[in-house]
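Asker: Got a predicted structure here, sequence first:
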Amino acid sequence: MTRLSGYLLPTEKQPPADAEAISHKLMVRAGLIRQMGAGMWTWLPAGWRVHQRVVAIIRSEMDAIGGQEMLMPVLQPAEPWRKSGRLEIEELFKLSDRKGSELVLAMTHEEAVTFHVAQVVRSYRDLPLILYHFQIKERDEPRPRAGVLRTREFIMKDSYSFDRDQAGLEERYALHVGAYDRMMERTGLRFYRVESDVGMMGGLGAHEYMAPCPAGEDEIALAPGYAANVEVALQNPDLHKSGEGYTIGGQELSIEPAIEVGNIFKLGTRYSEPLGASYLDETGSELPVWMGSYGIGPARIVAAAVEQFADEHGISWPRALAPFAVHLVVIGAADSPERQAAEEIYETLIAGGIDVLYDDREAGPGEKFADAELLGCPLRLTVGRRAVESGEIEVQARRGRRAGSGLPLGGEREALVRAVGELWRSLP
Ligand code: ATP
Ligand code: MG
């Protein structure tokens, strides 16, 4: 499926001069992303494969709770934003068309989805609803930074729930908590669901999904069985000062940097009232729709995974996110028996439905191994003279750089596919 000799994977020995975050350095070096401007990034083919793996996980969990996928525009009239009171937000890009009509580039889609629901939802029979899309968001961030962790344009999955009352909202919210927990578990990331501080916004409740990582801008407070935003932890009545640090319920508190990867909110009628989203109940009374909004950013999940599992040699993907399952390396000249053996393995694995990146380039082992460790596919199979002589394909798991027992060369095709599949399932 993919031969490195013809694949766009521009790896680099040096990180960009301005890069500080591990994910920024490694994702550029591994040929996954390239920058076009401040906070503007292109996903190259291997990087996009990882991004789309996250998207697939999110989509399947949204569908499982009854979410209905759709697509709303990025370019929008300014009017709904004026109605919601958000037109003045500094992050919002504003523009006008050739006729002078005021437009915005959406930074989120509460206004758009509520605009539609106001037009099409009539009665209590039309509720509840969970609507979602994967769409580009544009934000004039004051400080784009750290590669794809904070960009001015990014893809978000945002879903919106619509209910008759607060009890319905609580139900839809609980469904999202379950879906988000499962999404995050499936990515293989280390994460915490923490209550956010909604006091300031007068909200009804919200949670953030935080991934601990060195480049994170937020801080979370952790103790056994406890995880919270630092601001929330500091307001906890059970918090006590002890020496240099704090304890909560007698347990020592540690503070870790983390990045917010997802955010879920009980909105109530904050948008339905100004935008006129209402319904008629059984008695014919007109009531505002109760809403929730739920965001998650695939790019941040990708970058957080890089940050959490990288070592000094490069990226080490959890298998759910890896661009390819197997990185097959051949060491040998054209027409050598090694080449012939590697070609056969490549064909066999593809036929067996395994995602393989085949390094068939005319390059030395040093360069090939360095690129394989940089890219971080979970399994590396190597076919060189030693393999041909011993009759065993060399196996290495990327995580921990562990050598596995060799796989038989030239045996039954199905046996090789089965053995690789088993190895794969044993990985983190
Ligand atoms: P932050 O506090 O980090 O700015 P936010 O509260 O503005 O995040 P939301 O508006 O809740 O973020 O967006 C939902 C999700 O979209 C976030 O959890 C994150 O995964 C992603 N996201 C938000 N801003 C960015 C950005 N500038 N670049 C990449 N992803 C982003
Ligand atoms: Mg923000």
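Answerer: Cool, got the structure. Ligands and ions are numbered 1, 2, ... in the order given.
Asker: So for residue 201, what's the pLDDT?
Answerer: On pLDDT, residue 201 comes in at 52.
Asker: My reading is that residue 159 lies in a strand. Confirm?
Answerer: Yes: if the criterion is DSSP: H, G, I helix; E, B strand; the rest coil, then residue 159 is within a strand.
Asker: give me every residue that touches it.
Answerer: Going by C-beta atoms under 8 Å, 6 or more residues apart in numbering, residue 159 touches 62, 67, 130, 131, 132, 176, 293, 294. Every residue, glycine included, has its C-beta placed from N, CA and C.
Asker: Could you list the contact residues of this protein toward ligand 1?
Answerer: Within the chain, the positions adjacent to ligand 1 are 108, 139, 141, 150-151, 154, 156, 260-263, 295-297, 299-300 by C-beta under 6 Å from any ligand atom.
Asker: do that again at 8 Å, thanks
Answerer: The chain comes close to ligand 1 at residues 39, 107-108, 137, 139, 141, 144, 148-152, 154, 156, 158, 208-209, 217-218, 259-263, 265, 295-301, as judged by C-beta under 8 Å from any ligand atom.
Asker: Tell me which entries of those residues lie within strands.
Answerer: Secondary structure assignment (DSSP state E) places 137, 154, 156, 158, 208-209, 218, 259-263, 265, 295-296 from those within strands.
Asker: tell me the contacts of whichever residue of the stretch 201-350 of the chain sits closest to ligand 1?
Answerer: Closest residue of the stretch 201-350 of the chain to ligand 1, C-beta to the nearest ligand atom: residue 297 (2.4 Å). Shown in contact with residue 297 (C-beta under 8 Å, 6+ apart): 154, 155, 156, 157, 261, 262.
Asker: out of those, which are buried?
Answerer: Buried subset of the contacts of residue 297 (neighbour count, 16 or more other C-beta atoms under 10 Å): 154, 155, 156, 157, 261, 262.
Asker: Could you find the closest non-adjacent residue to residue 83?
Answerer: Counting by C-beta to C-beta, 6 or more residues apart in numbering, residue 83 lies nearest to residue 274, which is 4.9 Å off, once chain neighbours are set aside.
Asker: Show me what the helix or strand that contains that neighbour packs onto, helices and strands only.
Answerer: Using DSSP states H and E, residue 274 falls within helix 272-275. Helix 272-275 sits against helix 79-84, helix 110-120, with contacts defined as 3 or more C-beta pairs under 8 Å, 6 or more residues apart in numbering; DSSP states H and E.
Asker: which parts of the longest one are buried?
Answerer: What that stands for is helix 110-120. By neighbour count on 16+ other C-beta under 10 Å, the buried set for helix 110-120 is 110, 111, 112, 113, 114, 115, 116, 117, 118.
Asker: which residues sit against that helix?
Answerer: Identification of contacts with helix 110-120 by C-beta under 8 Å, 6+ apart yields 72-73, 76, 80-81, 83-84, 86, 106, 126, 129, 131, 160, 162, 267, 271-272, 275-278, 289, 291, 293.
Asker: Export only the CA atoms of that helix, formatted as PDB.
Answerer: The C-alpha coordinates for helix 110-120 follow below in PDB (Å, rounded to 0.1, in the frame of the first residue of the first chain):
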ATOM      1  CA  GLU A 110     -23.500  27.400  18.700                       C
ATOM      2  CA  GLU A 111     -24.900  30.200  16.600                       C
ATOM      3  CA  ALA A 112     -25.200  28.200  13.400                       C
ATOM      4  CA  VAL A 113     -26.800  25.100  14.900                       C
ATOM      5  CA  THR A 114     -29.200  27.100  17.100                       C
ATOM      6  CA  PHE A 115     -30.200  29.200  14.000                       C
ATOM      7  CA  HIS A 116     -31.200  26.000  12.300                       C
ATOM      8  CA  VAL A 117     -32.900  24.400  15.200                       C
ATOM      9  CA  ALA A 118     -34.900  27.600  15.700                       C
ATOM     10  CA  GLN A 119     -36.300  27.200  12.200                       C
ATOM     11  CA  VAL A 120     -37.000  23.400  12.100                       C
END
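Asker: Cheers, nothing more for now.
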